[in-house]
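J.: Only the shape, not the letters, is given here:
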């Protein structure tokens, strides 16, 4: 199925998770919640993300008292990590060099399909991060590589709505990952539910294609209770050429209930990070899928992935990148150097410039034809 010369030496590529790392998922102040999911807590016991709510309420009141707009409130850079959202997107692909290369080297279509599913599931715990990335500016880009030679290209192609486009090219053209995502979210009384909408496509050298959708994200505890992050709804995978499909349900007990185990105090349901599904061939079930995106993934009781086995792969910025490279942003660079005041002022300047540019595009750009 794949020529021997195209194979990547996977054993030499991976690095074992060090025993010295005592975190559950590789992030400080993040642990598994009592009822599943990622529980966030900073050193003082209060989630860093909850400071956003306090800041918004304070700024809202201040702007009203001073007669200023309540729409354009700039968030404090102290809640940010020194990375753009384009860089954060690569976190979900942290194991592409291992599992997509495994998929490319698979001896049959079903095994390739399963390793492609493993690739997606293995990166979900990477969403358990407390600090917020910088919102990309329209036209912002990110160019990087993985240790196996995979090339990564991302660009912010729309600001309202926010849409990010990406292309990853595996070593020896053995696989290609492409797509674009629009990000949507809706608020709940004590949290938010959102997700990324758009096509995700894995194409292999022999022409076979696997398309998949991502599950939705739920966050609770924005006002009271523990700040909890977990995946919900479904992820769907299809390989039309080989007539394969899979549907994985996240927090499955909540799918038939009015509330998730994550937010229920009186329940005997499964933890909210549980997932279950099946692989279908010609409409018939051939494999059972089960596990937990914070611990392991199994096909018919055989473990294909488990957490804390291998370190995630970290992309390295290309030496010759475009001037629009996100790592060259003034606010991000200042924060990386620890200059909070400069980072805040540069962030505000870039936000105001982007709003001005958007106004110009609206005024000077093509007009919609009048309806008759």
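T.: Arrived safely. Every value quoted in this text rests on a predicted model; they were computed, and no experiment measured them.
J.: For this structure, which helix or strand comes out least confident on mean pLDDT?
T.: In the chain, no helix or strand scores lower on mean pLDDT, DSSP states H and E than helix 50-65, which sits at a mean of 58.
J.: Parallel or antiparallel, list what pairs with the helix or strand following that one.
T.: Where DSSP states H and E defines the elements, the next helix or strand beyond helix 50-65 is strand 80-84. Applying DSSP bridges, strand 80-84 is found paired with strand 132-134 (parallel).
J.: which residues are in contact with the partner strand?
T.: 49, 52, 75, 79-81, 83-85, 87-88, 326, 329, 331-332, 347 (CB atoms under 8 Å, 6 or more residues apart in numbering). Bear in mind the C-beta positions are built from the backbone N, C-alpha and C, glycine included.
J.: Return the member of the residues you listed nearest to residue 235.
T.: residue 88 (19.1 Å; CB to CB).
J.: Output the contacting helices and strands for whatever helix or strand the closest one lives in.
T.: According to DSSP H and E, residue 88 maps onto helix 85-89. With contacts defined as 3 or more CB pairs under 8 Å, 6 or more residues apart in numbering; DSSP states H and E, the packing partners of helix 85-89 are strand 132-134, strand 141-145, strand 151-158, strand 163-169.
J.: Quick check: mean pLDDT of that helix?
T.: The average pLDDT for helix 85-89 rounds to 96.
J.: any idea which helix or strand comes after that helix?
T.: Helix 85-89 is succeeded, C-terminally, by helix 96-105 (DSSP H and E).
J.: Quick one: distance of that following helix to the chain centre.
T.: 19 Å (CA atoms, centre = their mean, to the nearest Å).
J.: what comes into contact with the helix or strand following it?
T.: Later in the chain than helix 96-105, the nearest helix or strand by DSSP H and E is helix 109-122. Around helix 109-122, the neighbours that count as contacts under CB under 8 Å, 6+ apart are 1, 92-96, 99-100, 102-104, 106, 202, 204, 208, 210, 212, 214, 235, 237, 239, 241-242, 244, 246, 248, 275, 279, 281, 286-287, 289, 291, 293, 297, 299, 304-305.
J.: Kindly report the same for stretch 282-290.
T.: For stretch 282-290, using CB under 8 Å, 6+ apart, the contacting residues are 110, 114, 117, 243, 246, 248, 275-280, 297-301.
J.: tally of neighbours for the nearest residue to residue 38 once chain neighbours are set aside?
T.: Distances taken as CB to CB, 6 or more residues apart in numbering place residue 128 nearest to residue 38, at 3.6 Å, with adjacent residues excluded. By other CB atoms under 10 Å, the residues close to residue 128 number 22.
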